[in-house]
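A.B. asks: Okay, sequence plus prediction incoming.
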Amino acid sequence: MVETVKDCHYPWTWMMVTADGAVKPCCFSSASLGNLHDNDIDEVWNGATAIELRKYIKANRVHPVCAGAPCKYVQNMQIRLVQVEAPQLGDNPAHVNEVAG
Ligand code: SF4
């Protein structure tokens, strides 16, 4: 089974705090959920961005906090999108004629 964003558990089980106080849902995210210099940990953990991130993950959507992350969940979503968007041989009648002719 290919794991996608819906399989990520980090926003419920993990957080990373960087030296400058930024709180991230994991070590892969380049964006933060908030900053401990501005809010306490409960406000960040239960804040609007964290709640929205969890909703996106339940819906198998890539939240902006996770966009472009090198984790397997986001990377597998990108591979799936490429597969869905890639034209299929045989979908193009001109190509079929080329092969048949
Ligand atoms: S970046 Fe990847 S591992 Fe981190 S919370 Fe988002 S989906 Fe999960």
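C.D. replies: Perfect, thanks for sending it.

A.B. asks: wait, what's in contact with the residue positioned nearest the centre of the chain?
C.D. replies: Using Cα atoms, centre = their mean, the residue of the chain that lies closest to the mean C-alpha position is Val62, 3.5 Å off. For Val62, the contacting residues are 5, 56, 74, 77, by Cβ atoms under 8 Å, 6 or more residues apart in numbering. Any C-beta I mention is one placed from the backbone N, CA and C, and that applies to glycine too.

A.B. asks: Poorly predicted segments of this structure, please.
C.D. replies: 80-81, 83-84, 86-101 (pLDDT under 70).

A.B. asks: Repeat the analysis, applying 80 as the threshold.
C.D. replies: Within the chain, the stretches with pLDDT under 80 are 79-101.

A.B. asks: Kindly list the longest helix within it.
C.D. replies: helix 72-85 (DSSP state H).

A.B. asks: what's next to it, contact-wise?
C.D. replies: Contacts for helix 72-85 (Cβ under 8 Å, 6+ apart): 2-5, 7-8, 28, 60, 62, 66-69.

A.B. asks: buried sites along it?
C.D. replies: Across helix 72-85, burial judged by 16 or more other Cβ atoms under 10 Å covers 73-74, 77.

A.B. asks: With stretch 52-65 instead?
C.D. replies: Buried residues in stretch 52-65, counted by 16+ other Cβ under 10 Å: 53, 56-57, 62-63, 65.

A.B. asks: do stretch 7-26 as well
C.D. replies: Under the neighbour-count criterion of 16+ other Cβ under 10 Å, stretch 7-26 has 8, 10-11, 22-26 buried.

A.B. asks: would you put the C-alpha positions of it in PDB?
C.D. replies: The C-alpha coordinates for stretch 7-26 follow below in PDB (Å, rounded to 0.1, in the frame of the first residue of the first chain):
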ATOM      1  CA  ASP A   7      -1.600   8.200   6.700                       C
ATOM      2  CA  CYS A   8       0.500  10.800   8.400                       C
ATOM      3  CA  HIS A   9       0.100  10.800  12.200                       C
ATOM      4  CA  TYR A  10       2.600  13.600  13.100                       C
ATOM      5  CA  PRO A  11       0.200  16.500  13.700                       C
ATOM      6  CA  TRP A  12      -1.400  14.400  16.400                       C
ATOM      7  CA  THR A  13       1.600  12.800  17.900                       C
ATOM      8  CA  TRP A  14       4.700  15.000  17.400                       C
ATOM      9  CA  MET A  15       6.000  18.500  17.300                       C
ATOM     10  CA  MET A  16       9.400  20.000  16.600                       C
ATOM     11  CA  VAL A  17      10.500  23.300  18.200                       C
ATOM     12  CA  THR A  18      13.400  25.000  16.400                       C
ATOM     13  CA  ALA A  19      16.000  27.200  18.100                       C
ATOM     14  CA  ASP A  20      14.100  30.400  17.100                       C
ATOM     15  CA  GLY A  21      10.800  29.100  18.700                       C
ATOM     16  CA  ALA A  22       9.100  28.000  15.600                       C
ATOM     17  CA  VAL A  23       6.800  25.000  16.100                       C
ATOM     18  CA  LYS A  24       6.600  22.500  13.200                       C
ATOM     19  CA  PRO A  25       4.500  19.300  12.900                       C
ATOM     20  CA  CYS A  26       7.600  17.300  11.900                       C
END
